[in-house]
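Undergrad: coords please:
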Amino acid sequence: MPKKGSDRTYGEKLIMLFARLLFTRERHSLTGLSQALDCSKQTVLRLIEDIERSYKVQIEWSMQGKRRFFHLKTLGQSLPALNLTGTELQALYMCRSFAEHLLGRQFLEEATRALEKGHALLPRETVLSSGHFASFRPGTIDYTPHQDAIRTSIEAMEQKRICEVSYRAILTQRAKTFYIKPYKIFSHHETIYLHAGLAPKPGKRYREPDFDPLLAIHRIVGVVLTDRFFVVPEDYDFEKTFNQNFGVIKEEAFEVEVEFSGFAAGFVAERIWSLDQKIQRLSDGKINLSFSASSEPELKAWVLSFGDEARVIGPDWLKEEIAETIGRMDQIYQE
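TA: Just a heads-up that it's a prediction; the model follows:
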């Protein structure tokens, strides 16, 4: 069983850091390295000093605003030929299969070709099958028609270029055009999203929005690169923005307490819904889940999805809204 980040030894972290700097050839922020290795920034700096001293390499650093970045100076030499291991390739096969429905046809074909090339690098006696893994696809979105939007967004992120986007929200018939600074593409509940900052429209007065644009990729009608550039905010942190509490929509967070019974109790107890969650085990197999959420519509839909095996304890306003929704549902079925 692989070790969790906090269980890794200093030597293991040193090797992981060296491999990341050597093979990616990218700039890595001190904050990002600290998160990837699950250690303090001071430990990362000590690891970098040990790598430079032990391996006689030069790790250069630069500043972007208040953020420090590191990259390994290769001094012009070529890297040694490296082969994938069987376990590494098998992990990639698994990742491809699990994400197959999110890739769309073109990306899937490219990923498959890359894996086939990797298979050719394995020792001859190594036999691997790509047929051990699959994904369950009912209810998913076909991203094949949206490959251009994904590729253009990736290009914009790489070059830090502002995009002109035409976007049709779910309940509207006509697309709206605006300008964005694309920060991150991510997946959530079988949907691919683009998180971005709102950019000023040329010739128009800019007004800071209450929330950054969060765009579902399949609702983007068109995206075009402009000749304007942007800088990612120094304090931008995807993990802190999205992976702290329940809900992909990020409004003001609030505390929630829900009691679960039956199947729902077992299902909920197995998962992490917010980093601050607390689970209290009650009698008769029930549990009490306390956590934070940032999206009222998502939370209500989630609670209602468990039927009579979920009961909101607090806050009171949420209990009232859930009860009103159940009342309207009852009326629909009575009719």
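
Undergrad: in which helix or strand would I find E321?
TA: Using DSSP states H and E, E321 falls within helix 316-334.

Undergrad: Quick one: list the elements packing against that helix.
TA: Helix 316-334 sits against helix 296-304, strand 310-314, with contacts defined as 3 or more CB pairs under 8 Å, 6 or more residues apart in numbering; DSSP states H and E. For the C-beta atoms, the positions are set from N, CA and C on the backbone; glycine is no exception.

Undergrad: looking at the ones you listed, which is closest to T177?
TA: Nearest to T177 among the helices and strands packed on helix 316-334 is helix 296-304 (25.7 Å), distances taken as CB to CB.

Undergrad: Name the residues that touch the closest one?
TA: Residues outside helix 296-304 that contact it (CB atoms under 8 Å, 6 or more residues apart in numbering): 246-249, 251, 256, 258, 293, 310, 312, 318, 321-322, 325-326.

Undergrad: in that helix, what's buried?
TA: 296, 299-300, 302-303 (16 or more other CB atoms under 10 Å).

Undergrad: And that helix, how far out from the chain middle?
TA: 21 Å (CA atoms, centre = their mean, to the nearest Å).

Undergrad: Mean confidence (pLDDT) on that helix, please.
TA: Helix 296-304 shows an average pLDDT of 96 in the prediction.

Undergrad: Check what contacts the longest strand anywhere in the chain and list those residues.
TA: Selection of the longest strand in the chain by residue count, based on DSSP state E, yields strand 176-188. For strand 176-188, the external contacting residues (CB under 8 Å, 6+ apart) are 99, 102, 150, 153-154, 156-157, 162-169, 192-202, 212-213, 215, 217, 226, 230, 232, 236, 238, 242, 248.

Undergrad: In its sheet, which strands sit next to it, and in what direction?
TA: Within its sheet, and counting by DSSP bridges, strand 176-188 is paired with strand 161-167 (antiparallel), strand 191-199 (antiparallel).

Undergrad: wait, isn't H101 in contact with T140?
TA: Yes - in this structure, H101 is within contact of T140 by CB atoms under 8 Å, at 4.4 Å.

Undergrad: Name the residue closest to the centre of this protein, please.
TA: Nearest to the geometric centre of the chain sits F186, at 4.3 Å (CA atoms, centre = their mean).

Undergrad: What residues are bridge-paired with that residue?
TA: Y193.
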